[in-house]
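J.: A predicted structure for the sequence below; I have some questions about it.
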Amino acid sequence: MKEGFYNIIKGKFLVSDDALKNWHFIIFLSVLALVMISSSHSADKKVHVISKLNAQVKELKSEYVDVRMMLMQSRMESKIIAAMERRGLQPSSNPPKRIRIIEEED
C-alpha cells in the first residue's frame, strides 16, 4: 500500500512499460476538464446576459407606462383647449354640423 502510494507520487505510472494507456486516460481527463471549464464560462456569460436583458425590460416597461400616461393626459379635452388658447384659437360656440352625401343610383 505504502509502496503503491510512493509510486504514484514519484510518477512511475507515467514512465512504466504500460504507460501508453495511462497517457491516453490522462489526455482524456484533461480534455474533459477543458470542456467542463468552457461550459461553465459559457453558462456564466448567459446568466449575465439574461440579467442585463431583465434590467432593460424593467426599464422599458417603466418608460412605456410614463409615455402612455403622458399620451392619455395630452388627449384630454381640457389640455387640448389650453394648448389651442395659447396659440390664439378658441373653441367654437356652434356645434359642428354633419354633412351627408347621398349617392344616386344609375
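T.: Sure thing, it's come through.
J.: In what element of secondary structure is the closest residue to Trp23 other than its chain neighbours found?
T.: In this structure, Trp23 finds its nearest non-sequential neighbour in Leu14, 7.2 Å apart by Cβ to Cβ, 6 or more residues apart in numbering. All C-beta spots, glycine's among them, are computed from the backbone N, C-alpha and C. Applying DSSP states H and E as the criterion places Leu14 in helix 12-15.
J.: Tell me how far the residue sitting nearest the centre point of the chain lies from Met36.
T.: Taking Cα atoms, centre = their mean, the centroid of the chain lies closest to Leu53, which sits 2.6 Å from it. Distance, Leu53 to Met36, using Cβ to Cβ, to the nearest Å: 26 Å.
J.: The top helix by length along the chain packs against which elements?
T.: Counting residues, the longest helix in the chain under DSSP state H turns out to be helix 19-74. On a contact count with 3 or more Cβ pairs under 8 Å, 6 or more residues apart in numbering; DSSP states H and E, helix 19-74 meets helix 12-15.
J.: Could I get the average pLDDT for the helix it packs on?
T.: Helix 12-15 shows a mean pLDDT of 74.
J.: roughly how far out does it sit from the chain middle?
T.: Mean C-alpha position of helix 12-15 versus that of the full chain (Cα atoms, centre = their mean, to the nearest Å) differs by 51 Å.
J.: could you say what helices and strands that helix packs with?
T.: helix 19-74.
J.: Name the helix or strand of this structure that has the lowest mean pLDDT.
T.: Lowest by mean pLDDT, DSSP states H and E among the helices and strands of the chain is helix 12-15, with a mean of 74.
J.: Next one: Lys10 from Asp18, what distance?
T.: To Asp18, Lys10 is 16 Å away according to Cβ to Cβ.
J.: Those two: who's more crowded?
T.: Legend: neighbour count by other Cβ atoms under 10 Å for Lys10 and Asp18, higher for Lys10 (10 against 7).
J.: Now that one: phi and psi?
T.: Note on Lys10: backbone dihedrals following degrees, to the nearest 10 are phi -80, psi -20.
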